[in-house]
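Novice: okay, here's the prediction I keep looking at, along with the sequence it came from:
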Amino acid sequence: MDREIAAARLDRVVDAFQGKERFLVQTHNNPDPDSIACAYAIRYLVQRYTGHTAVIAFGGIVGRSENRAMVRELDIPMVPGSLIDYSEYDFTAVCDTQPGTNYTSFPDGFVPTVVIDHHAPREESLGCAVCIIEPGYGATSTLVGEMLIAKGIPIPADVAMGLFYGIKSETQDLGRDTTETDVEVYTELEKLVDRRIISRIESERVPREYFFDLLKAIEGAVLSGDVVTSELGPVRVPDMVPEMADFLLRADCARWTCVTGVFQDLLYISMRTNGEDSDAGALMLRLLANRGSGGGHPSMAGGQINLVDQDAEGRVATSIAFMAEFVAETRRQGDDREAEPLILRIP
(Lines give C-alpha, C1' and ligand atoms only; values in the text may rest on other atoms or scores of the structure.)
Protein backbone atom coordinates (compact mmCIF):
# COMPACT_ATOMS: atom_id res chain seq x y z
CA MET A 1 0.00 0.00 0.00
CA ASP A 2 1.43 3.37 -1.01
CA ARG A 3 -0.11 5.57 1.66
CA GLU A 4 1.13 8.81 0.14
CA ILE A 5 -0.51 8.13 -3.22
CA ALA A 6 -3.69 6.84 -1.58
CA ALA A 7 -3.99 9.88 0.69
CA ALA A 8 -3.48 12.21 -2.28
CA ARG A 9 -6.23 10.40 -4.15
CA LEU A 10 -8.66 10.94 -1.29
CA ASP A 11 -7.71 14.63 -1.19
CA ARG A 12 -8.64 14.90 -4.87
CA VAL A 13 -12.06 13.38 -4.21
CA VAL A 14 -12.69 15.67 -1.24
CA ASP A 15 -11.54 18.72 -3.20
CA ALA A 16 -14.21 17.86 -5.78
CA PHE A 17 -16.86 18.26 -3.05
CA GLN A 18 -16.06 21.94 -2.68
CA GLY A 19 -18.86 24.29 -3.69
CA LYS A 20 -21.27 21.40 -4.30
CA GLU A 21 -24.59 20.98 -2.52
CA ARG A 22 -26.47 18.08 -4.13
CA PHE A 23 -24.57 14.80 -4.25
CA LEU A 24 -25.29 11.62 -6.16
CA VAL A 25 -23.28 8.39 -6.08
CA GLN A 26 -24.00 5.81 -8.77
CA THR A 27 -23.23 2.08 -8.84
CA HIS A 28 -23.05 0.05 -12.01
CA ASN A 29 -26.21 -1.63 -13.26
CA ASN A 30 -27.37 -4.69 -11.30
CA PRO A 31 -24.81 -3.77 -8.63
CA ASP A 32 -22.61 -6.29 -6.89
CA PRO A 33 -21.13 -5.92 -3.37
CA ASP A 34 -17.98 -4.20 -4.65
CA SER A 35 -19.92 -1.43 -6.37
CA ILE A 36 -22.45 -1.05 -3.54
CA ALA A 37 -19.73 -0.87 -0.89
CA CYS A 38 -17.78 1.81 -2.73
CA ALA A 39 -20.87 3.94 -3.24
CA TYR A 40 -21.69 3.62 0.46
CA ALA A 41 -18.16 4.68 1.43
CA ILE A 42 -18.27 7.74 -0.84
CA ARG A 43 -21.63 8.64 0.71
CA TYR A 44 -19.92 8.51 4.12
CA LEU A 45 -17.16 10.82 2.89
CA VAL A 46 -19.69 13.32 1.56
CA GLN A 47 -21.45 13.37 4.93
CA ARG A 48 -18.19 13.68 6.85
CA TYR A 49 -16.69 16.52 4.80
CA THR A 50 -19.76 18.51 3.74
CA GLY A 51 -22.60 17.64 6.11
CA HIS A 52 -24.77 16.81 3.11
CA THR A 53 -26.41 13.42 2.47
CA ALA A 54 -25.60 11.82 -0.86
CA VAL A 55 -28.15 9.73 -2.76
CA ILE A 56 -27.01 6.28 -3.92
CA ALA A 57 -28.58 5.33 -7.27
CA PHE A 58 -28.46 2.12 -9.26
CA GLY A 59 -29.69 0.81 -12.59
CA GLY A 60 -31.32 -2.57 -13.15
CA ILE A 61 -31.99 -4.58 -10.00
CA VAL A 62 -30.24 -5.79 -6.87
CA GLY A 63 -30.91 -9.40 -7.76
CA ARG A 64 -28.70 -11.87 -5.95
CA SER A 65 -29.93 -12.87 -2.48
CA GLU A 66 -26.57 -12.15 -0.84
CA ASN A 67 -26.48 -8.67 -2.36
CA ARG A 68 -29.95 -7.85 -1.08
CA ALA A 69 -28.90 -9.17 2.33
CA MET A 70 -25.88 -6.87 2.30
CA VAL A 71 -28.07 -3.84 1.58
CA ARG A 72 -30.49 -4.89 4.35
CA GLU A 73 -27.96 -5.87 7.01
CA LEU A 74 -25.84 -2.73 6.56
CA ASP A 75 -28.91 -0.50 6.08
CA ILE A 76 -27.64 0.97 2.82
CA PRO A 77 -30.18 3.40 1.27
CA MET A 78 -30.43 2.97 -2.50
CA VAL A 79 -32.72 4.53 -5.09
CA PRO A 80 -33.49 3.20 -8.61
CA GLY A 81 -31.86 5.40 -11.21
CA SER A 82 -35.16 5.57 -13.09
CA LEU A 83 -36.44 7.83 -10.30
CA ILE A 84 -33.47 10.21 -10.50
CA ASP A 85 -33.45 13.59 -12.24
CA TYR A 86 -29.74 13.91 -12.92
CA SER A 87 -30.03 17.60 -13.71
CA GLU A 88 -30.75 18.25 -10.02
CA TYR A 89 -27.26 17.19 -8.89
CA ASP A 90 -24.06 19.22 -9.10
CA PHE A 91 -21.80 16.34 -8.01
CA THR A 92 -21.89 12.74 -9.23
CA ALA A 93 -19.50 9.90 -8.47
CA VAL A 94 -19.59 6.56 -10.28
CA CYS A 95 -18.16 3.48 -8.56
CA ASP A 96 -16.74 0.24 -9.99
CA THR A 97 -17.47 1.18 -13.61
CA GLN A 98 -16.86 4.01 -16.05
CA PRO A 99 -18.70 6.13 -18.62
CA GLY A 100 -18.95 4.53 -22.03
CA THR A 101 -19.22 0.95 -20.80
CA ASN A 102 -23.03 0.63 -20.96
CA TYR A 103 -22.88 -0.62 -17.37
CA THR A 104 -24.26 2.57 -15.85
CA SER A 105 -27.66 4.09 -16.58
CA PHE A 106 -26.62 7.70 -17.08
CA PRO A 107 -28.46 9.96 -19.53
CA ASP A 108 -26.75 10.33 -22.91
CA GLY A 109 -23.80 12.68 -22.71
CA PHE A 110 -23.77 12.81 -18.92
CA VAL A 111 -20.27 13.30 -17.44
CA PRO A 112 -19.80 12.38 -13.76
CA THR A 113 -17.58 14.44 -11.50
CA VAL A 114 -15.61 11.51 -10.06
CA VAL A 115 -14.85 8.03 -11.41
CA ILE A 116 -13.41 5.33 -9.12
CA ASP A 117 -12.79 1.92 -10.68
CA HIS A 118 -10.45 -1.07 -10.93
CA HIS A 119 -11.01 -1.88 -14.60
CA ALA A 120 -8.98 -0.73 -17.59
CA PRO A 121 -9.36 3.05 -18.17
CA ARG A 122 -11.79 4.29 -20.79
CA GLU A 123 -11.31 7.37 -22.91
CA GLU A 124 -14.66 8.76 -21.70
CA SER A 125 -13.36 8.83 -18.13
CA LEU A 126 -10.68 11.37 -19.01
CA GLY A 127 -13.33 14.11 -19.23
CA CYS A 128 -14.21 13.75 -15.56
CA ALA A 129 -12.84 16.17 -12.97
CA VAL A 130 -11.37 13.32 -10.90
CA CYS A 131 -10.50 9.93 -12.37
CA ILE A 132 -9.04 7.34 -9.98
CA ILE A 133 -8.52 4.01 -11.73
CA GLU A 134 -6.29 1.15 -10.60
CA PRO A 135 -6.81 -1.85 -12.92
CA GLY A 136 -4.20 -3.88 -11.07
CA TYR A 137 -6.33 -4.12 -7.92
CA GLY A 138 -8.66 -7.05 -7.31
CA ALA A 139 -11.55 -4.83 -6.18
CA THR A 140 -12.61 -1.20 -6.27
CA SER A 141 -13.35 -1.59 -2.55
CA THR A 142 -9.61 -2.03 -2.08
CA LEU A 143 -8.99 1.29 -3.80
CA VAL A 144 -11.53 3.13 -1.62
CA GLY A 145 -10.53 1.34 1.59
CA GLU A 146 -6.87 2.14 0.93
CA MET A 147 -7.69 5.85 0.65
CA LEU A 148 -9.58 5.89 3.95
CA ILE A 149 -6.86 3.96 5.79
CA ALA A 150 -4.02 6.04 4.34
CA LYS A 151 -5.69 9.27 5.38
CA GLY A 152 -6.39 7.98 8.90
CA ILE A 153 -10.13 8.54 8.58
CA PRO A 154 -12.20 6.61 11.14
CA ILE A 155 -14.21 3.97 9.28
CA PRO A 156 -17.66 3.20 10.74
CA ALA A 157 -18.38 -0.50 11.21
CA ASP A 158 -21.07 -0.62 8.51
CA VAL A 159 -18.80 1.06 5.93
CA ALA A 160 -15.89 -1.21 6.90
CA MET A 161 -18.08 -4.31 6.56
CA GLY A 162 -19.30 -3.18 3.17
CA LEU A 163 -15.77 -2.66 1.85
CA PHE A 164 -14.55 -5.89 3.47
CA TYR A 165 -17.35 -7.89 1.88
CA GLY A 166 -16.80 -6.08 -1.43
CA ILE A 167 -13.19 -7.30 -1.50
CA LYS A 168 -14.13 -10.74 -0.20
CA SER A 169 -16.77 -11.37 -2.86
CA GLU A 170 -14.90 -9.77 -5.77
CA THR A 171 -11.68 -11.72 -5.15
CA GLN A 172 -13.35 -14.89 -3.86
CA ASP A 173 -11.85 -14.38 -0.42
CA LEU A 174 -8.48 -13.22 -1.83
CA GLY A 175 -8.26 -16.24 -4.13
CA ARG A 176 -8.66 -14.44 -7.49
CA ASP A 177 -6.79 -11.54 -9.16
CA THR A 178 -5.41 -10.42 -5.81
CA THR A 179 -2.55 -8.01 -5.07
CA GLU A 180 -0.60 -7.32 -1.88
CA THR A 181 -2.66 -4.17 -1.44
CA ASP A 182 -5.90 -6.16 -1.59
CA VAL A 183 -4.58 -8.39 1.19
CA GLU A 184 -3.36 -5.47 3.30
CA VAL A 185 -6.61 -3.49 3.05
CA TYR A 186 -8.71 -6.63 3.63
CA THR A 187 -6.70 -7.40 6.77
CA GLU A 188 -7.11 -3.87 8.13
CA LEU A 189 -10.86 -3.82 7.48
CA GLU A 190 -11.29 -7.28 9.00
CA LYS A 191 -10.43 -5.79 12.41
CA LEU A 192 -13.58 -3.65 12.21
CA VAL A 193 -16.17 -6.18 11.01
CA ASP A 194 -18.83 -8.08 12.89
CA ARG A 195 -18.39 -11.65 11.68
CA ARG A 196 -21.98 -12.52 12.59
CA ILE A 197 -23.28 -9.93 10.13
CA ILE A 198 -20.91 -11.09 7.39
CA SER A 199 -22.08 -14.66 8.00
CA ARG A 200 -25.73 -13.64 7.72
CA ILE A 201 -25.01 -11.98 4.38
CA GLU A 202 -23.11 -14.95 2.97
CA SER A 203 -25.69 -17.51 4.14
CA GLU A 204 -28.78 -15.60 3.00
CA ARG A 205 -31.57 -17.96 2.02
CA VAL A 206 -32.54 -18.22 -1.65
CA PRO A 207 -35.99 -18.58 -3.27
CA ARG A 208 -37.17 -21.90 -4.68
CA GLU A 209 -36.78 -20.53 -8.20
CA TYR A 210 -33.02 -20.39 -7.62
CA PHE A 211 -32.81 -24.17 -7.73
CA PHE A 212 -34.60 -24.24 -11.08
CA ASP A 213 -32.01 -21.80 -12.43
CA LEU A 214 -29.25 -23.97 -10.98
CA LEU A 215 -30.69 -27.11 -12.53
CA LYS A 216 -31.02 -25.40 -15.92
CA ALA A 217 -27.37 -24.30 -15.81
CA ILE A 218 -26.11 -27.76 -14.91
CA GLU A 219 -28.31 -29.73 -17.30
CA GLY A 220 -27.43 -27.40 -20.15
CA ALA A 221 -23.68 -27.41 -19.47
CA VAL A 222 -21.51 -28.68 -22.33
CA LEU A 223 -17.90 -29.86 -22.03
CA SER A 224 -15.68 -29.22 -25.08
CA GLY A 225 -12.23 -30.47 -24.18
CA ASP A 226 -11.56 -28.50 -20.99
CA VAL A 227 -14.02 -25.70 -21.80
CA VAL A 228 -17.44 -25.68 -20.10
CA THR A 229 -20.30 -23.59 -21.49
CA SER A 230 -23.94 -23.14 -20.55
CA GLU A 231 -26.64 -21.06 -22.23
CA LEU A 232 -29.37 -20.23 -19.72
CA GLY A 233 -31.78 -18.40 -22.03
CA PRO A 234 -34.11 -16.05 -20.09
CA VAL A 235 -32.98 -15.62 -16.48
CA ARG A 236 -34.82 -14.44 -13.39
CA VAL A 237 -31.96 -12.15 -12.32
CA PRO A 238 -28.84 -11.24 -14.35
CA ASP A 239 -26.60 -12.11 -11.38
CA MET A 240 -27.31 -15.77 -12.08
CA VAL A 241 -25.01 -15.62 -15.11
CA PRO A 242 -21.72 -14.80 -13.29
CA GLU A 243 -22.72 -16.99 -10.36
CA MET A 244 -23.06 -20.02 -12.63
CA ALA A 245 -19.81 -19.21 -14.43
CA ASP A 246 -18.06 -19.35 -11.05
CA PHE A 247 -19.92 -22.51 -10.06
CA LEU A 248 -19.08 -24.45 -13.23
CA LEU A 249 -15.39 -23.59 -12.94
CA ARG A 250 -15.33 -25.84 -9.88
CA ALA A 251 -15.47 -28.86 -12.21
CA ASP A 252 -12.06 -30.54 -12.16
CA CYS A 253 -12.18 -30.87 -15.95
CA ALA A 254 -12.68 -27.12 -16.55
CA ARG A 255 -10.00 -24.61 -17.56
CA TRP A 256 -12.50 -22.10 -18.98
CA THR A 257 -16.21 -21.49 -18.39
CA CYS A 258 -18.64 -19.22 -20.20
CA VAL A 259 -22.31 -18.70 -19.32
CA THR A 260 -24.90 -16.57 -21.11
CA GLY A 261 -28.39 -15.47 -20.11
CA VAL A 262 -31.02 -13.02 -21.33
CA PHE A 263 -32.54 -10.37 -19.10
CA GLN A 264 -34.56 -7.38 -20.32
CA ASP A 265 -33.29 -7.22 -23.92
CA LEU A 266 -29.65 -7.86 -23.01
CA LEU A 267 -27.55 -10.97 -23.44
CA TYR A 268 -25.37 -11.17 -20.34
CA ILE A 269 -22.06 -13.03 -20.70
CA SER A 270 -19.65 -14.18 -18.00
CA MET A 271 -16.27 -15.86 -18.52
CA ARG A 272 -14.01 -17.49 -15.96
CA THR A 273 -10.65 -19.22 -16.26
CA ASN A 274 -8.12 -20.82 -13.96
CA GLY A 275 -5.44 -20.94 -16.63
CA GLU A 276 -2.33 -19.07 -15.51
CA ASP A 277 -1.52 -17.92 -19.04
CA SER A 278 -5.12 -16.89 -19.87
CA ASP A 279 -6.73 -13.44 -19.96
CA ALA A 280 -10.53 -13.47 -19.81
CA GLY A 281 -10.80 -9.68 -19.93
CA ALA A 282 -8.80 -9.37 -23.13
CA LEU A 283 -10.74 -12.22 -24.73
CA MET A 284 -14.08 -10.65 -23.82
CA LEU A 285 -13.06 -7.36 -25.40
CA ARG A 286 -11.95 -9.12 -28.56
CA LEU A 287 -15.10 -11.21 -28.94
CA LEU A 288 -17.41 -8.26 -28.28
CA ALA A 289 -15.69 -5.85 -30.66
CA ASN A 290 -18.33 -4.01 -32.72
CA ARG A 291 -21.25 -5.94 -31.21
CA GLY A 292 -21.31 -5.37 -27.46
CA SER A 293 -19.53 -4.01 -24.41
CA GLY A 294 -17.54 -5.62 -21.66
CA GLY A 295 -14.16 -6.30 -20.14
CA GLY A 296 -12.66 -7.67 -16.98
CA HIS A 297 -9.52 -9.15 -15.49
CA PRO A 298 -7.26 -12.12 -16.29
CA SER A 299 -9.39 -14.70 -14.48
CA MET A 300 -12.87 -13.19 -14.93
CA ALA A 301 -14.79 -11.04 -17.38
CA GLY A 302 -18.31 -9.90 -18.17
CA GLY A 303 -20.08 -8.46 -21.18
CA GLN A 304 -23.40 -7.57 -22.76
CA ILE A 305 -24.96 -7.65 -26.22
CA ASN A 306 -28.07 -5.58 -26.92
CA LEU A 307 -30.92 -7.77 -28.23
CA VAL A 308 -33.65 -5.14 -28.41
CA ASP A 309 -34.25 -5.55 -32.16
CA GLN A 310 -34.07 -9.36 -32.18
CA ASP A 311 -36.92 -11.85 -31.93
CA ALA A 312 -36.70 -15.03 -29.85
CA GLU A 313 -35.03 -16.99 -32.64
CA GLY A 314 -32.50 -14.24 -33.25
CA ARG A 315 -31.61 -14.06 -29.56
CA VAL A 316 -30.89 -17.77 -29.45
CA ALA A 317 -28.78 -17.48 -32.59
CA THR A 318 -26.77 -14.61 -31.08
CA SER A 319 -25.96 -16.62 -27.97
CA ILE A 320 -25.04 -19.72 -29.99
CA ALA A 321 -22.78 -17.72 -32.32
CA PHE A 322 -20.96 -16.04 -29.44
CA MET A 323 -20.48 -19.32 -27.60
CA ALA A 324 -19.11 -21.02 -30.73
CA GLU A 325 -16.50 -18.27 -31.10
CA PHE A 326 -15.62 -18.51 -27.42
CA VAL A 327 -15.03 -22.26 -27.65
CA ALA A 328 -12.99 -21.86 -30.82
CA GLU A 329 -10.77 -19.28 -29.08
CA THR A 330 -10.26 -21.19 -25.83
CA ARG A 331 -10.12 -24.83 -26.83
CA ARG A 332 -6.56 -26.14 -26.89
CA GLN A 333 -5.05 -26.74 -30.30
CA GLY A 334 -5.08 -30.41 -31.16
CA ASP A 335 -7.85 -31.25 -28.67
CA ASP A 336 -10.27 -33.08 -30.95
CA ARG A 337 -12.52 -34.55 -28.26
CA GLU A 338 -16.19 -34.23 -29.16
CA ALA A 339 -18.40 -31.92 -27.15
CA GLU A 340 -20.48 -33.76 -24.57
CA PRO A 341 -22.85 -32.96 -21.70
CA LEU A 342 -20.95 -32.03 -18.55
CA ILE A 343 -23.12 -34.38 -16.48
CA LEU A 344 -22.07 -37.98 -16.71
CA ARG A 345 -25.14 -40.18 -17.08
CA ILE A 346 -24.85 -43.14 -14.72
CA PRO A 347 -26.98 -46.16 -15.75
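Specialist: Received, thanks. What you see is a predicted model; the values in this text were computed from it and never measured. Residues are numbered from 1 along each chain as shown.
Novice: average pLDDT for stretch 157-164?
Specialist: Averaging pLDDT along stretch 157-164 yields 98.
Novice: contacts for that stretch?
Specialist: Contacts to stretch 157-164, defined as Cβ atoms under 8 Å, 6 or more residues apart in numbering, come from residues 33, 36-38, 40-41, 44, 70, 74-76, 141, 144-145, 148, 155, 185-186, 189-190, 192-194, 197-198. Glycine gets a C-beta too; all of them are placed from N, C-alpha and C.
Novice: only the buried subset of those residues, as a ChimeraX command please.
Specialist: To isolate the buried members of the contacts of stretch 157-164 in ChimeraX, using 16 or more other Cβ atoms under 10 Å:
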select :33,36,37,38,40,41,44,70,74,76,141,144,145,148,155,185,186,189,192,193,197,198
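Novice: in strands, which of the contacts of stretch 157-164 fall?
Specialist: Judged by DSSP state E, the subset of those located in strands is empty.
Novice: you'd agree Ala245 is up against Thr260?
Specialist: No - between Ala245 and Thr260 there is no contact under Cβ atoms under 8 Å: 9.4 Å.
Novice: now do the shared contacts for those two.
Specialist: Ser270.
Novice: show me the strands paired with the worst-scoring helix or strand of the chain on mean pLDDT, marking each as parallel or antiparallel.
Specialist: Least confident helix or strand, the chain: strand 293-296 with a mean of 88, by mean pLDDT, DSSP states H and E. Here strand 293-296 has these sheet partners by DSSP bridges: strand 300-306 (antiparallel).
Novice: which parts of the strand it pairs with are buried?
Specialist: By neighbour count on 16+ other Cβ under 10 Å, the buried set for strand 300-306 is Met300, Ala301, Gly302, Gly303, Gln304, Ile305.
Novice: mind checking which of the contacts of stretch 157-164 land in helices?
Specialist: 33, 36-38, 40-41, 44, 70, 141, 144-145, 148, 185-186, 189-190, 197-198 (DSSP state H).
Novice: quick one: low-confidence parts of the chain?
Specialist: Residues of the chain that meet the criterion pLDDT under 70 lie in 345-347.
Novice: what are the structural domain limits within it?
Specialist: Listed by automatic domain parsing, the domain ranges of the chain are 3-202, 211-341.
Novice: pick the most buried one from those domains.
Specialist: Highest mean neighbour count of those: domain 3-202, a mean of 20 (counted as mean count of other Cβ atoms under 10 Å).
Novice: run through the strands of the stretch 51-200 of the chain in chain order.
Specialist: In the stretch 51-200 of the chain, the strands defined using DSSP state E, counting those that start in this stretch lie at 55-58, 79-80, 91-95, 114-117, 130-133.
Novice: which strands and helices sit next to the first one?
Specialist: Right, strand 55-58. Packing partners of strand 55-58 (3 or more Cβ pairs under 8 Å, 6 or more residues apart in numbering; DSSP states H and E): strand 23-26, helix 33-50, strand 79-80.
Novice: report the separation between the closest residue to Phe58 other than its chain neighbours and Gly175.
Specialist: Of all residues not flanking Phe58 in the chain, Thr27 sits nearest, at 4.5 Å (Cβ to Cβ, 6 or more residues apart in numbering). Note on Thr27: its distance to Gly175, by Cβ to Cβ, to the nearest Å, is 24 Å.
Novice: name the surrounding residues that touch the least confident helix or strand of the chain.
Specialist: 101-103, 119-120, 269, 271, 280-281, 284-285, 288, 301-304.
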